[in-house]
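**Q** model this:
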Amino acid sequence: MSQIQLIQLKNKETGEGKIVCNHARDKYPRNLWGGVVMENLAQTLANIIIRQRMLAIKEQLGYRTALQIYDEIVLVVPKGDADRVLAGLDPIMTARVDWLPNLPVAYEAKAGHSYGEV
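**A** Next up, the predicted model:
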């Protein structure tokens, strides 16, 4: 397994900094743009949150996720159960994240006969 180490370097005189990445296979550290680091961090946190929501949907509504694309969850439910499931999603999807309580969480839900319809 390879090891990756992120290091923040600062110029003592100017206060300017950069992030470098030391990877076991590289001879020299690589510079990383801070935006890439933050983007990957945000995407990882979003992925953890959406997977927690998927588990809660299974436990509370009884439906497994049929498809997940980035921040989108697709459920396949009987037509007669769609309204109940849509109503049941609200408390699950808007619940505060225990380990990130100030994070605003919002969602949008739709029902349709096919994926393309919603």
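
**Q** quick one: furthest residue from the center of the chain?
**A** Centroid-distance maximum for the chain: residue 13 at 37.9 Å, with Cα atoms, centre = their mean.

**Q** quick one: what helix or strand has the spatially most central residue of the chain in it?
**A** Closest to where the C-alpha atoms of the chain average out (Cα atoms, centre = their mean) is residue 46, at 1.7 Å. Per DSSP states H and E: residue 46 is located in helix 34-61.

**Q** What's the first helix or strand after that helix?
**A** Heading C-terminal from helix 34-61 (DSSP H and E), you reach strand 65-69.

**Q** Buried residues, that following strand. List them.
**A** Buried residues in strand 65-69, counted by 16 or more other Cβ atoms under 10 Å: residue 65. Where you see a C-beta, it was placed from the backbone N, CA and C, and this is true even at glycine.

**Q** tell me the angle of that strand relative to helix 34-61?
**A** Interaxial angle of strand 65-69 relative to helix 34-61 (axes from the mean of the first three to the mean of the last three Cα atoms, to 10 degrees): 170 degrees.

**Q** All good on my end, thank you.
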